[in-house]
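J.: Next input, structure requested:
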Amino acid sequence: MPRWAWVTVIGVPLFIVSCFSIGYLAVVPAIRNFVANGQSDVSDQMMETVARSVAANITSPVYWPHRIVIPEQKFNVNNATAGGEVGFETGTNGTLIYGFVTEIDRQGISLFAGDTVAYSGTPVVQNGLVELTNAQASSSIFKFFLTSEGFEQAIEDGINRALAERGIEPISLTLGDGVLTIVVEPAASPT
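T.: This is a model prediction of the structure:
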């Protein structure tokens, strides 16, 4: 077989495979990085929105320990509205979260997308902080935009930030039908 035939039979396919391999190694990490940045943006925005909604429910304490009562309608993760739609949008103009409905019951906090539970978890108080346990994202579609870990972090950081900004810390919490009650006291002074 002539040399040019060997180059054509072996060299060209080898060149094509090499190009695809190099492209794969360059593109896949870029896509993963893009998705991770989007998930982080959604988690950060949800944390900001939760912090604002919790802070709006904190009243000036008359006595200690003080109770903060947050009805589910006021525990908001949305920072935008879009008629009848549920979703996340990230871009150069910021991150939008819209259409989720919060439900609180004795089992925990759930975010509904229509009739479907998109995210859920159970808040508890541990070491002077609100922690979200059993955090779950119901489907891979939702996990693509916000992982269960991102949801957990957003809820924890949002609540704890709102409390810390007021100089208070949680000592217990109770979940009821439609309401989250956090019992707080003045935060310990840093040593």
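J.: Tell me which stretches of the protein form helices.
T.: Counting by DSSP state H, the chain has helices at residues 3-6, 12-55, 140-145, 148-165.
J.: Give me whichever of the ones you listed is most buried.
T.: helix 148-165 (a mean of 21; mean count of other C-beta atoms under 10 Å). Placement of C-beta: from N, CA and C, glycine included.
J.: What is it packed up against?
T.: Contact here means 3 or more C-beta pairs under 8 Å, 6 or more residues apart in numbering; DSSP states H and E; on that basis helix 148-165 packs against helix 12-55, strand 116-126, strand 129-137, strand 168-176, strand 179-186.
J.: rerun at 7 Å
T.: Judged by 3 or more C-beta pairs under 7 Å, 6 or more residues apart in numbering; DSSP states H and E, the packing partners of helix 148-165 are helix 12-55, strand 116-126, strand 129-137.
J.: For the residue nearest the centre of the chain, give its distance to residue 117.
T.: Among the residues of the chain, the one closest to the centroid is residue 151, at 2.8 Å (C-alpha atoms, centre = their mean). Residue 151 sits 12 Å away from residue 117 when distances are taken as C-beta to C-beta, to the nearest Å.
J.: Please apply the same query to residue 145.
T.: 15 Å.
J.: Leaving out sequence neighbours, find the closest residue to the residue nearest to the centre of the chain.
T.: With sequence-adjacent residues excluded and distances taken as C-beta to C-beta, 6 or more residues apart in numbering, residue 151 is closest to residue 119, at 4.5 Å.
J.: what's the answer for residue 125, then?
T.: Ranked by C-beta to C-beta, 6+ apart and with sequence neighbours excluded, the top spatial neighbour of residue 125 is residue 170, at 4.6 Å.
J.: pLDDT-wise, which helix or strand of the protein ranks last?
T.: Every helix and strand in the chain was compared by mean pLDDT, DSSP states H and E; the lowest is helix 3-6, with a mean of 63.
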